[in-house]
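In: coords below, sequence missing:
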């Protein structure tokens, strides 16, 4: 099969994202499946991968193409791929995700299969990943843990520690039940790719795809595959890449990172602060005094800040189309409005200021110096209420500003 020529791709390292140069659209035959593989100096294996992908397409009777997304190879990998019938596009911005997004952007198939070009994945598995898409799945992951991991293919630490922990964390945070979140062999529909709106240029691209598929409520399936030892030098940086995945998951999990800890801190802080308004007391043989109230005040204010940051970060991510929806924000916004925030915040601040007025009246009514006032517990409670009220009003205005970019309720984008 002779693959169609690809439109040229500009080097967009300075722009931070892959973009296509404006050129006439090529004449394209009806392509069902596009196989996209990134390449950075894979001379020893790129030919094997391209040949197997083309063989799998022919054997399955599928009209397809192979797109190699070159990420700056200097070892002749590009010439080998072109000589075997692959279409090569170039992306100067280094990165696993950047290469993939460039290749996928130029692919023309309704179904897209992606896989590494280091011969760790067998592209003869192509039909088993495409079949679930034809049956209604949006994203299909090739699971190494459901299939077979050949001897020497995966280091012990990756097999029994790294991958299970990262996959388990992703399942927990996003309500999934997958076995291999970081498999490099996966397939998806063009429509699913458009809905996921992937953006990350690095290794976290793999996590972003699964996370955004979950947030968009796409149907995810897994099929067993075989994982082979890598040929050549690995470009992975275990600790750095693992942290990038963890960081990305946390950024998309404000409920666990900010909201739940923040709510717990606010509840504990307010209970402790309120319990000590009338002064110290004994809990059994333990003296509960002003230091506990200071700690309670700190927890309440800090917890409120965490809640505000979590909601603001999520609302911003939605307004910038980084995510399609979020149940935490949706639940909050069901009851939230600027007016309600101002009323609640104003009531808290008013209660705090009223307490300060009470302390001032007590001082003016008595014959004591200001330094001898004994209303410290009331003053701490008043300070807490005033700060939380003022912050709540400010946060309400900020969230309302972000809400201006949010589609109206009932809009299809929220579904």
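Out: Now that the structure is in, tell me what you want to look at. On a predicted model such as this, the values are computed, not experimentally measured, just so you know. Numbers count the residues shown, from 1 in each chain.
In: next one: stretch 225-234 to chain centre, how far?
Out: Taking C-alpha atoms, centre = their mean, to the nearest Å, one finds the center of stretch 225-234 at 27 Å from the center of the full chain.
In: just stretch 173-183 next, same as before
Out: Worked out by C-alpha atoms, centre = their mean, stretch 173-183 lies 13 Å from the chain centre.
In: Can you give me the buried ones in it?
Out: Judged by neighbour count (16 or more other C-beta atoms under 10 Å), stretch 173-183 contains these buried residues: 173-174, 178-183. Quick note: C-beta positions are derived from backbone N, CA and C, even for glycine.
In: Among those residues, which ones are in helices?
Out: 173-174 (DSSP state H).
In: Just name the closest of the buried residues of stretch 173-183 to residue 33, please.
Out: residue 183 (18.3 Å; C-beta to C-beta).
In: Was I right to think the closest one contacts residue 147?
Out: No - judged on C-beta atoms under 8 Å, residue 183 makes no contact with residue 147 at a distance of 9.6 Å.
In: Common neighbours of the two, please.
Out: residue 225 (C-beta atoms under 8 Å, 6 or more residues apart in numbering).
In: list the helices and strands the host helix or strand of residue 194 packs on?
Out: In this assignment (DSSP states H and E), residue 194 forms part of helix 190-196. On a contact count with 3 or more C-beta pairs under 8 Å, 6 or more residues apart in numbering; DSSP states H and E, helix 190-196 meets strand 111-114, helix 205-215.
In: any idea which helix or strand of the protein has the worst average confidence?
Out: The weakest-scoring helix or strand in the chain, judged by mean pLDDT, DSSP states H and E, is helix 327-335 (a mean of 68).
In: picking up where we left off before, need the buried residues of stretch 173-183 in TSV with pLDDT and distance to residue 65, can you?
Out: Converted to TSV, the buried residues of stretch 173-183 look like this (pLDDT from 0 to 100; distance: C-beta to C-beta, whole Å):
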residue	pLDDT	distance to residue 65
173	84	36
174	85	32
178	94	28
179	95	30
180	94	26
181	89	28
182	87	26
183	92	22
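In: Can you give the domain ranges for this structure?
Out: 33-251, 254-414 (automatic domain parsing).
In: ranking these by mean pLDDT, which is last?
Out: Within the domains of the chain, confidence is poorest for domain 254-414, with a mean of 81 (mean pLDDT).
In: related to what we said a few turns ago, packed most tightly, which of the domains of the chain would that be?
Out: Comparing the domains of the chain by mean neighbour count (mean count of other C-beta atoms under 10 Å), domain 33-251 comes out on top with a mean of 19.
In: Span of that one from start to end?
Out: Domain 33-251 has an end-to-end distance of 33 Å (C-alpha to C-alpha, to the nearest Å).
In: Work out the gap between it and the centre of the chain.
Out: Centroid displacement of domain 33-251 relative to its chain, using C-alpha atoms, centre = their mean, is 17 Å.
In: Looking at the buried residues of stretch 173-183, spot the one nearest residue 388.
Out: Closest to residue 388 out of the buried residues of stretch 173-183 is residue 173 (28.4 Å), distances taken as C-beta to C-beta.
In: How about that closest one, nearest residue that isn't a chain neighbour?
Out: Nearest in space to residue 173, with sequence neighbours left out and distances taken as C-beta to C-beta, 6 or more residues apart in numbering, is residue 253 at 4.5 Å.
In: closest one to residue 169 among the helices and strands packed on helix 190-196?
Out: The nearest among the helices and strands packed on helix 190-196, by C-beta to C-beta, is helix 205-215 at 9.7 Å.
In: C-terminal to the closest one, what's the next element?
Out: strand 220-227.
In: now for that next one, which elements pack on it?
Out: Contacting strand 220-227 under the criterion 3+ C-beta pairs under 8 Å, 6+ apart are the following elements: helix 126-134, strand 139-149, helix 205-215.
In: Using CSV, please lay out these together with distance to residue 260.
Out: Below are the helices and strands packed on strand 220-227 laid out as CSV (distance: least, C-beta to C-beta, whole Å):
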stretch, distance to residue 260
helix 126-134, 34
strand 139-149, 28
helix 205-215, 18
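In: What is the burial count for the residue nearest to residue 173?
Out: 22 (other C-beta atoms under 10 Å).
In: where does it land on pLDDT?
Out: pLDDT, residue 253: 72.
In: Surely it touches residue 175?
Out: No - Residue 253 is beyond contact range of residue 175, at 10.9 Å (criterion: C-beta under 8 Å).
In: And the helices in the stretch 1-150 of the chain, which stretches?
Out: 46-59, 77-83, 96-106, 126-134 (DSSP state H, counting those that start in this stretch).
In: Once you drop chain neighbours, what's closest to residue 287?
Out: The spatially closest residue to residue 287, leaving aside those adjacent along the chain, is residue 280, at 6.6 Å (C-beta to C-beta, 6+ apart).
In: quick one: the one you found and residue 290 touch, right?
Out: Yes - using C-beta under 8 Å, residue 280 makes contact with residue 290 at a distance of 6.7 Å.
In: any residues in contact with both of those two?
Out: Common contacts of residue 280 and residue 290 (C-beta under 8 Å, 6+ apart): residue 377.
In: Report the contact partners of residue 338.
Out: If you count contacts by C-beta under 8 Å, 6+ apart, then residue 338 has 396-397, 399-400 around it.
In: returning to that earlier point: let's have the buried residues of stretch 173-183 in TSV, adding distance to residue 228.
Out: Formatted as TSV, those follow (distance: C-beta to C-beta, whole Å):
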residue	distance to residue 228
173	30
174	29
178	21
179	18
180	15
181	20
182	16
183	13
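In: Take the buried residues of stretch 173-183 and keep only those in strands.
Out: Judged by DSSP state E, strands contain none of the buried residues of stretch 173-183.
In: Can you tell me which of the buried residues of stretch 173-183 lies closest to residue 66?
Out: Nearest to residue 66, judged by C-beta to C-beta, of these is residue 183 at 19.5 Å.
In: residues contacting that closest one?
Out: Counting by C-beta under 8 Å, 6+ apart, residue 183 touches 141-144, 206, 225.
In: can we see that at 6 Å?
Out: 141-142, 144 (C-beta atoms under 6 Å, 6 or more residues apart in numbering).
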